[in-house]
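Q: Give me a model of this one.
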Amino acid sequence: MDLEDYGKKNGVRFFLISYSDLNGVNRSKLVPHSAIAGMQENGAGFAGFASYLDLTPADPDLFAIPDSSSVIQLPWNKEVAWVAADLHMNGKPLAQAPRNVLKRVRERSDQKGVACKTGVECEFMLLDPETLEVADHSDTLGKPCYDQEALMRRYDLISRICTYMEELGWGPYQNDHEDGNGQFEMNWEFTECLQTADRHAFFKFMVRSLTEEAGLKATFMPKPKSTLTGNGSHVHVSLWNDKGANLFEDPAGELGLSETAYHFLGGILNHASALSAITNPTVNSYRRLHGATTRSGATWAPNTISYSGNNRTHMIRIPDTDRIELRSPDGSVNPYLLPAAIMAVGLDGIESNLDAGERKETNSYTEKDQSLQKLPATLHESLMNLRDSAVLRDYLGDSLVDSFCSIKMLEWDEYVASVSPWETERYFGI
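A: Numbering: from 1, shown residues only. I've put the predicted structure just below:
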């Protein structure tokens with residue numbers, strides 16, 4: 001698609017040329033319509049060191065080349081269109097750029113004759129921008145999930161976001177108040193994994209923008225409040241062949257899933273400790289995975305490397321006969337690295353005929369199974385597993401793994417060096 005023509009037809013005055021850094025933060029330049037033709041050919045220039053890409057001030061310019069297939073006209077400001085971009089340096093794709101990584105993994109799956117489709121469940125909390133406490137002072141139920149009154153008190157905001165998703169053709173189908181006070185989730189239809197990743201990135205931008213307009217603060221932070229349920233980013237996954245058939249479905253298979261699906265699932269389980277560095281990429285992520293019981297009575301986050309049928313206490317749930325749901329990812333996950341890493345370990349599971357093992361139907365919150373391995377307890381532990389993962393290095397690339405671990409180890413070191421208010425209160429009088 002020619003972006004200059006698109007702009008003329010749709011009254012677009014400016015384009016946000018956007019890329020995601022390794023922390024999942026959208027970085028953009030605002031380009032006038034008069035300059036978009038040149039940008040589409042050559043890219044918008046960025047200094048790579050200025051965002052989290054593991055580059056230095058000595059590195060040459062990055063050029064973000066917009067992918068016109070991703071363009072989205074802002075429903076709340078029709079003069080502006082957002083477009084995801086692929087990063088290049090010295091005329092070549094930047095190896096550690098998240099969108100480039102996903103496209104490389106997708107190419108490998110294409111070579112195998114399969115395509116990955118994903119759907120994400122993005123949870124977020126609405127807070128007071130000054131106090132960072134739950135903005136709705138009436139949202140106080142001990143079990144607030146599906147609270148009708150609390151949902152309708154945010155009708156203006158939630159309905160506006162949902163209406164925009166309808167206009168964009170995403171197929172939104174339900175919105176609800178989630179298990180934490182002030183927490184919401186909005187769902188839209190699954191699709192091809194790169195398109196879902198672009199929509200995931202845009203959704204977070206849209207929610208933050210419209211929430212700010214409403215005088216509120218939205219956060220996707222994994223565990224904003226120690227006593228409340230954290231923000232997950234559950235992902236539903238399926239593989240499809242080039243004839244449009246779902247390779248995970250098999251009426252004769254256990255729970256309606258095929259042997260291919262179970263090998264894919266086995267890949268996720270076998271590589272879960274390394275995968276967690278991608279799906280749970282912040283210090284705060286592990287507050288959600290290993291947090292104490294919340295006010296509602298359950299964290300709704302997994303802490304063991306296990307799978308189940310339609311049981312939400314395990315890392316992987318089989319909700320139906322056409323997909324699996326990975327429940328460990330949280331709101332800090334990079335939208336592009338999420339499907340890339342899942343595809344990597346899942347495809348390795350298929351190639352290596354990995355065994356998914358025994359399905360568990362226990363309530364893992366109350367029935368402790370000593371045979372189950374725990375998910376990593378800290379970001380540091382996950383990073384060490386990622387660093388040593390031959391499979392994720394093979395699929396995601398050494399540049400991505402090394403750069404991601406480098407940036408996240410600096411984050412870990414900063415955390416270890418800091419003194420928290422809890423420590424001061426606990427130990428000051430010793």
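
Q: Helices of this protein, start to end?
A: 3-10, 36-42, 98-111, 148-153, 155-168, 193-213, 259-270, 272-279, 285-289, 337-351, 379-387, 390-396, 398-417, 421-427 (DSSP state H).

Q: Can you lay out the ones you listed as CSV showing distance to residue 134 and mean pLDDT?
A: Where C-beta positions appear, they are placed from N, C-alpha and C, glycine not excepted. Listed next are the helices of the chain as CSV, based on distance: least, CB to CB, whole Å; pLDDT from 0 to 100:
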stretch, distance to residue 134, mean pLDDT
helix 3-10, 38, 98
helix 36-42, 42, 97
helix 98-111, 31, 97
helix 148-153, 10, 98
helix 155-168, 14, 98
helix 193-213, 13, 98
helix 259-270, 34, 98
helix 272-279, 26, 98
helix 285-289, 17, 98
helix 337-351, 27, 98
helix 379-387, 26, 98
helix 390-396, 37, 98
helix 398-417, 25, 98
helix 421-427, 20, 95
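
Q: what's the closest of the ones you listed to residue 306?
A: Of all the helices of the chain, helix 259-270 sits nearest to residue 306, with 7.6 Å by CB to CB.

Q: packing partners for the closest one?
A: Helix 259-270 sits against strand 233-241, strand 316-317, strand 324-326, helix 337-351, with contacts defined as 3 or more CB pairs under 8 Å, 6 or more residues apart in numbering; DSSP states H and E.

Q: got the buried residues for stretch 208-223?
A: By neighbour count on 16 or more other CB atoms under 10 Å, the buried set for stretch 208-223 is 208, 210, 211, 216, 217, 218, 219, 220, 221, 222, 223.

Q: Can you add distance to residue 25 and give these back as a markdown table?
A: Shown next, in a markdown table, are the buried residues of stretch 208-223 (distance: CB to CB, whole Å):
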| residue | distance to residue 25 |
| --- | --- |
| 208 | 11 |
| 210 | 18 |
| 211 | 17 |
| 216 | 20 |
| 217 | 16 |
| 218 | 15 |
| 219 | 14 |
| 220 | 11 |
| 221 | 13 |
| 222 | 15 |
| 223 | 19 |
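
Q: wait, which of those residues is closest to residue 315?
A: Closest approach to residue 315 among the buried residues of stretch 208-223 (CB to CB): residue 222, at 15.3 Å.

Q: count of residues packed around the closest residue to the closest one other than its chain neighbours?
A: Nearest non-adjacent residue to residue 222, counting by CB to CB, 6 or more residues apart in numbering: residue 330, 3.8 Å away. For residue 330, the neighbour count with other CB atoms under 10 Å is 27.

Q: Am I right that residue 330 is in contact with residue 285?
A: Yes - Residue 330 lies in contact with residue 285 (CB atoms under 8 Å); the separation is 5.2 Å.

Q: Give me the common contacts of these two.
A: residue 222 (CB atoms under 8 Å, 6 or more residues apart in numbering).

Q: I'd guessed residue 109 sits against residue 117; true?
A: No - in this structure residue 109 lies outside contact range of residue 117 using CB under 8 Å: 11.0 Å.

Q: Looking at those two now, which is surrounded by more residues?
A: residue 117 (21 against 18).

Q: check contacts around the more buried one.
A: By CB under 8 Å, 6+ apart, the neighbours of residue 117 are 190, 191, 192, 193, 196, 237, 238, 239, 240.

Q: run the last query once more with 7 Å
A: By CB atoms under 7 Å, 6 or more residues apart in numbering, the contact list for residue 117 reads 190, 191, 192, 193, 238, 240.

Q: and which of these is nearest residue 298?
A: residue 190 (25.8 Å).

Q: tally of neighbours for that closest one?
A: Residue 190, neighbours per other CB under 10 Å, totals 19.

Q: do the same with the one 4 residues further on
A: Residues within reach of residue 194, counting by other CB under 10 Å, total 23.

Q: Pull the residues that contact stretch 353-364.
A: With CB under 7 Å, 6+ apart, stretch 353-364 has contacts from 262-263, 265-267, 269-270, 304, 306-309, 311, 313-314, 369.

Q: what mean pLDDT does it have?
A: Across stretch 353-364, the average pLDDT comes to 94.

Q: May I see the buried residues of that stretch?
A: 354, 356, 357, 359, 360, 362, 364.

Q: tell me the two of the buried residues of stretch 208-223 that are most distant?
A: If you compare every pair in the buried residues of stretch 208-223 using CB to CB, the most distant one turns out to be 210 and 223, at 23.7 Å.

Q: Any regions of the stretch 1-150 of the chain where pLDDT drops low?
A: For the stretch 1-150 of the chain, no stretch has pLDDT under 70.

Q: In it, what residue spans correspond to strands?
A: 14-20, 26-32, 44-46, 62-66, 72-73, 80-89, 92-93, 114-127 (DSSP state E, counting those that start in this stretch).

Q: what angle sits between the first one and strand 80-89?
A: Spelled out, that is strand 14-20. Interaxial angle, strand 14-20 versus strand 80-89 (axes from the mean of the first three to the mean of the last three CA atoms, to 10 degrees): 50 degrees.

Q: Touching strand 14-20 from outside, list them.
A: So strand 14-20 is contacted by 3, 26-33, 36, 39, 44, 64, 66, 79-85, 87, 97-99, 201, 334-336 (CB under 7 Å, 6+ apart).

Q: how does it look with 6 Å?
A: For strand 14-20, contacts defined as CB atoms under 6 Å, 6 or more residues apart in numbering pick out 26-32, 36, 44, 64, 66, 80-85, 87, 98, 201, 336.

Q: how about the nearest residue to residue 310, chain neighbours excluded?
A: Residue 310 sits nearest to residue 319 (CB to CB, 6+ apart), 5.5 Å away.
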